[in-house]
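*Asks:* Following is a predicted model, sequence given first.
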Amino acid sequence: MTRNNLQSALIIILIFASMIAINGCGQLEFSAGPLLSNVAFSKSEISPNADGLDDVTEITYSLRRPADVSIYFENEAGERFYFRDNRRRSPGNYSVLWGGVVDIPETVDFGYGPVEIMSRVLPDGVYRWVVEAVEDNGNVAAVSGEITLRDGDTELPELQNFTVVPEVFRPNQDGLADDRVAIGYYLTKNVESIVLFLRDPDKPDVRYFIAESPGLVKPTERGYHDYSYDGGVDLNAEPPADGTYELVGEARDAAGNAVRVVRTLTIEEGGKPRADVVGGEIDWQGESGRVVLLTLGDKLCFKAYVENESTVPIRTSGPWPGQEYRYAENYNTLAIGQDEPSWLQQDGAWRFGINFDTTGVDFPYRWAIGRQEDLEMRLIDGREQWYLLPGKRGEVSGCIVLDEKLPVGTRFWWGGLIHQGVEVVNNNIDRITVELGVP
């Protein structure tokens, strides 16, 4: 090859190299020529109402060099609505579907508190569309055209009258009014999806989802919806940690209209209550070889200890340790005429009970799980409530006067720890045989 031919070949190679670059992914990209090309909308008219007909248009374009890409629409008044705003793109061919929806966060108040509009379908009309690319050196390339929107679904899926009662609650199964949270709202239209969750403002990626209570309408249907939230303790789960959370409700319809409602909810003293009879033992007075020998008129007496093994206070109610029952009495009849309504059945209160094999009332003899000196008293709604604090022990004692002949077959007696209205936490504790003779 002559010297002149070699120089010509080198020039051709340099020219070709100037047109080609290798991007960060190891792909060849043509750097010369227009930055933005092949820009097109597949349809010049759409009806974004999720009926399956002309709901979307396909937007296509090509980039020769890296750039920040924007796709926006302008109405006849010159207002601009962004579908993509300065999105970084590498060289290549791109395609995206657009159904008339723009993401322009806006907070409004419809009369029942602030509502965030996350996305919405643009109103019907003629819009100028623009696909714009900006290179790192500031070079701008843009292509524009027109698109018409007709018969669009622009109705927002509102969560009207979104209420949270109470705003401070204690998910600890103590049976008081703040054990659960009632959440309700009216959904104004059928939607494609709806979610309700707690979000920690300091950890926004951590979410605790809340399921809706069964109702007459499905979760995604128009109508009234209500939730009863217990923090998960009814399923034996620990609730979210104490603190103030954002309670978030989000609804999105099939057309792409979406709203978010945010309220606050504070959790205090939340936790699954857990307790046990220490050692699983009851000190039965006069017991020998798991048998107690008594005669008619004698007392069956005991002592035991209950320990709070959870992280939350456990509520209890009387009768107090040391209380005597006659054989025919129970915790409800004992309260009659004694001005002690707290002795009646109270859901959420813990009690230690004694049961026997022929009783018609489950655990008819019940006591508080500690003496007053073992407990902490709190005044709640004007009434005294007593709690066994975490890690503390309560002493329980009492007697049953066997002053009547027992039904045939009555032999076995045992203790139990009862979380009233929830479950018998421990049953058949330290079972014994009572032999009752006649004096």
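*Replies:* Now that the structure is in, tell me what you want to look at. Residues are numbered from 1 along each chain as shown.

*Asks:* ok, the residue lying closest to Glu45 once chain neighbours are set aside - contacts?
*Replies:* Excluding the flanking residues, the one nearest Glu45 by Cβ to Cβ, 6 or more residues apart in numbering is Thr148, at 4.3 Å. C-beta here means a position set from N, CA and C on the backbone, and glycine is covered the same way. Neighbour list for Thr148: Ser44, Glu45, Ile46, Gly125, Val126, Tyr127 [criterion: Cβ atoms under 8 Å, 6 or more residues apart in numbering].

*Asks:* How about the fifth one: what's its closest non-neighbour residue?
*Replies:* If I follow you right, that is Val126. Leaving aside its chain neighbours, Val126 sits nearest to Thr148 (5.2 Å; criterion: Cβ to Cβ, 6+ apart).

*Asks:* Retrieve the pLDDT associated with that neighbour.
*Replies:* Each residue has a pLDDT score; the one for Thr148 is 98.

*Asks:* Look up how far Asn75 lies from it.
*Replies:* Relative to Asn75, Thr148 is positioned 11 Å away (Cβ to Cβ, to the nearest Å).

*Asks:* Common neighbours of these two, please.
*Replies:* Common neighbours of Thr148 and Asn75 (Cβ under 8 Å, 6+ apart) are Gly125, Val126, Tyr127.

*Asks:* pLDDT on the longest strand along the chain, on average?
*Replies:* Ranked by residue count under DSSP state E, the longest strand found in the chain is strand 423-437. Strand 423-437 shows a mean pLDDT of 93.

*Asks:* Direction included, what does it pair up with?
*Replies:* Partners of strand 423-437 in the sheet, by DSSP bridges, are strand 291-295 (parallel), strand 412-419 (antiparallel).

*Asks:* Which residues does the first one contact?
*Replies:* The one in question is strand 291-295. Residues contacting strand 291-295 (Cβ under 8 Å, 6+ apart): 284-286, 300, 402, 413, 432-439.

*Asks:* so after it, what's the next helix or strand?
*Replies:* strand 299-308 (DSSP states H and E).

*Asks:* Who are the packing partners of that next one?
*Replies:* If you count contacts as 3 or more Cβ pairs under 8 Å, 6 or more residues apart in numbering; DSSP states H and E, strand 299-308 packs onto strand 275-277, strand 283-284, strand 350-356, strand 393-401, strand 412-419.

*Asks:* right, and Thr154 touches Gly256 too?
*Replies:* No. Between Thr154 and Gly256 there is no contact under Cβ atoms under 8 Å: 10.3 Å.

*Asks:* higher neighbour count, those two?
*Replies:* Shown here are Thr154 and Gly256; by other Cβ atoms under 10 Å, Gly256 has more neighbours (23 against 15).

*Asks:* Model confidence for the more buried one, exactly?
*Replies:* pLDDT, read off for Gly256, is 96.

*Asks:* was I right about it contacting Met118?
*Replies:* No. Contact criterion Cβ under 8 Å: Gly256 and Met118 do not qualify, at 9.7 Å.

*Asks:* Can you spell out the domain ranges of the protein, please?
*Replies:* As given by automatic domain parsing, the domain ranges for the chain are 30-103+122-149, 159-267, 275-437.

*Asks:* about what we covered before: element containing the residue nearest to Val126, please.
*Replies:* Using DSSP H and E, Thr148 falls in strand 140-149.

*Asks:* Tell me how many other residues crowd the residue nearest to Gly279 when sequence neighbours are not counted.
*Replies:* Distances taken as Cβ to Cβ, 6+ apart put Tyr305 closest to Gly279, at 8.0 Å, once the chain neighbours are dropped. Residues near Tyr305, counting by other Cβ under 10 Å, number 20.

*Asks:* Kindly report the same for Arg199.
*Replies:* Neighbours of Arg199 (other Cβ under 10 Å): 16.

*Asks:* With adjacent residues omitted, what lies nearest to it?
*Replies:* Distance criterion Cβ to Cβ, 6+ apart; nearest residue to Arg199, sequence neighbours excluded, is Glu246 at 4.6 Å.

*Asks:* and that neighbour, what does it touch?
*Replies:* Shown in contact with Glu246 (Cβ under 8 Å, 6+ apart): Leu198, Arg199, Asp200, Pro201, Val262, Arg263, Thr264, Leu265.

*Asks:* repeat that for 10 Å
*Replies:* Phe197, Leu198, Arg199, Asp200, Pro201, Pro204, Arg207, Val262, Arg263, Thr264, Leu265 (Cβ atoms under 10 Å, 6 or more residues apart in numbering).

*Asks:* who's in contact with Asp54?
*Replies:* Going by Cβ under 10 Å, 6+ apart, Asp54 touches Lys43, Glu45, Ile46, Ser47, Pro48, Gly99, Arg150, Asp151.

*Asks:* can I assume the second one is in contact with Gly152?
*Replies:* Looking back up the chat, that one is Glu45. No. Between Glu45 and Gly152 there is no contact under Cβ atoms under 10 Å: 11.3 Å.

*Asks:* Name the residue in the two with the higher neighbour count.
*Replies:* Gly152 (24 against 13).

*Asks:* The more buried one reaches Val56, doesn't it?
*Replies:* No. Judged on Cβ under 10 Å, Gly152 makes no contact with Val56 at a distance of 11.7 Å.

*Asks:* Mutual contacts of those two, please.
*Replies:* Shared contacts of Gly152 and Val56, counting by Cβ under 10 Å, 6+ apart, come down to Ile46, Ser47, Pro48, Ala50, Gly99, Gly100, Val101, Gly256.

*Asks:* which of those residues has the most neighbours?
*Replies:* The member of those that has the most neighbours, counting by other Cβ under 10 Å, is Gly100 with 28 neighbours.
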